[in-house]
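# Dropping the sequence and predicted coords here.
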Amino acid sequence: MGQIGKTPEPCYVAVTADVVGSRDAGDRQALQQELLAAVRAASASLGRALVADVQLTAGDELQALLRDPAATIRLLQELADALHPVQLTFGVGFGGLSTALPRRREDRRLPLLDGPCFH
């Protein structure tokens, strides 16, 4: 894999966030509503830096795919701030996609995409 900006194929930054201790949350429905609000706000704020909107991919897991590596820290900070005092763990990967990226942004379902950026 090449350096950021030095590869001939398109590369992306994949971010996965997971809520720490979510099994102990007293009101999981309220937690999920907070997650959905944070996802919408981050998607609106980051706009074109995202390949697809930030998505809630499981009960307490969020995923994002960015085209602009510089926006990664901003995304992590926005999610952490929006959900405070809830704590998140983050995984960040960089690389290409092995699956086709749908042309229409609204068709880009992150759980259906795969490739080195997710590994």
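Here it is on my side, so go on.
# how far away is residue 102 from residue 113?
For residue 102, the distance to residue 113 (Cβ to Cβ, to the nearest Å) stands at 9 Å. Backbone N, C-alpha and C define where each C-beta goes, glycine included.
# which of the two has more neighbours?
Taking neighbours as other Cβ atoms under 10 Å, residue 102 and residue 113 compare with residue 113 leading, 21 against 13.
# Do I have it right that that one meets residue 57?
No - Residue 113 lies out of contact with residue 57 (Cβ atoms under 8 Å); the separation is 10.8 Å.
# The spatially closest residue to residue 105 that is not a sequence neighbour pairs with what?
Nearest non-adjacent residue to residue 105, counting by Cβ to Cβ, 6 or more residues apart in numbering: residue 52, 6.0 Å away. Judged by DSSP bridges, the bridge partners of residue 52 are residue 65.
# Low-confidence regions, the chain specifically.
The model of the chain has pLDDT under 70 over residues 1-8, 25.
# Show me the longest helix that occurs in it.
Longest among the helix segments of the chain by residue count, using DSSP state H, is helix 28-46.
# can you give me the helices in the protein?
28-46, 72-83.
# Show me what the shortest one is packed against.
Packed against helix 72-83, as judged by 3 or more Cβ pairs under 8 Å, 6 or more residues apart in numbering; DSSP states H and E, are the following elements: strand 12-19, helix 28-46, strand 61-66, strand 88-95.
# Just send these back as JSON lines, with mean neighbour count and distance to residue 77 too.
As requested, the helices and strands packed on helix 72-83 are exported to JSON lines (neighbours: other Cβ atoms under 10 Å; distance: least, Cβ to Cβ, whole Å):
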{"stretch": "strand 12-19", "mean neighbour count": "22", "distance to residue 77": "12"}
{"stretch": "helix 28-46", "mean neighbour count": "16", "distance to residue 77": "10"}
{"stretch": "strand 61-66", "mean neighbour count": "23", "distance to residue 77": "13"}
{"stretch": "strand 88-95", "mean neighbour count": "16", "distance to residue 77": "11"}
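# Alright, I will stop here.
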